[in-house]
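# Model the following, please.
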Amino acid sequence: QVLSEFREYASEVDITVVRHSVRAIGQAAIKIDRAAERCVDCLLELIKTKVNYVVQEAIVVIRDIFRKYPGKYEIIISD
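Residues are numbered from 1 along each chain as shown. Next comes the predicted model:
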């Protein structure tokens, strides 16, 4: 439920709101283990939008997720 709200905010026009929502998705992935996979999937969908500032923020967040879960999500690099 909350993840869908953050995803919706990530498609806003206001860059600050977008950046904060992408960071919130990343924080959810880092702090809630069972939500991590859904959060990563959401971040990948946001990257596919190819909106510059969304992609930039999502990559920074994914880097932090890689640090938290080493060896678990690196497969997405090949996608």
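
# For this protein, which segments count as helices?
2-9, 15-31, 36-48, 52-68 (DSSP state H).

# Tell me which of those sits nearest to Ile76.
Closest of those to Ile76 is helix 36-48, at 6.2 Å (criterion: CB to CB). Placement of C-beta: from N, CA and C, glycine included.

# Next, the buried residues of stretch 19-31.
Residues of stretch 19-31 classed as buried: 19-26, 28-30 (neighbour count, 16 or more other CB atoms under 10 Å).

# From Ile75, how far off is Val51?
Distance of Val51 to Ile75, computed by CB to CB, to the nearest Å: 24 Å.

# the more surrounded of these two?
A count of neighbours by other CB atoms under 10 Å puts Val51 above the other of Val51 and Ile75, at 16 against 8.

# Mind putting the helices of the chain into CSV with mean pLDDT?
Below are these laid out as CSV (pLDDT from 0 to 100):
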stretch, mean pLDDT
helix 2-9, 89
helix 15-31, 95
helix 36-48, 92
helix 52-68, 92
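
# Looks like Leu43 contacts Ala24 (just checking).
No. Counting by CB atoms under 8 Å, Leu43 does not reach Ala24; the two are 11.1 Å apart.

# and Gly71, backbone torsions?
Here is the backbone geometry of Gly71 (degrees, to the nearest 10): phi 80, psi -10.

# correction: Ala10
phi -70, psi -10.

# Contact partners for it?
Counting by CB atoms under 8 Å, 6 or more residues apart in numbering, Ala10 touches 18, 21-22, 25, 46, 54.

# Can you tell me what sits against stretch 56-66?
18-19, 22-23, 25-26, 29-30, 36, 39-40, 43, 46-47, 73-74, 76.

# Buried residues in that stretch, which are they?
57-58, 61-62, 65-66.

# As CSV, those with distance to Ser4 would be great.
CSV is the format used below for the buried residues of stretch 56-66 (distance: CB to CB, whole Å):
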residue, distance to Ser4
Glu57, 18
Ala58, 16
Val61, 17
Ile62, 19
Ile65, 19
Phe66, 24
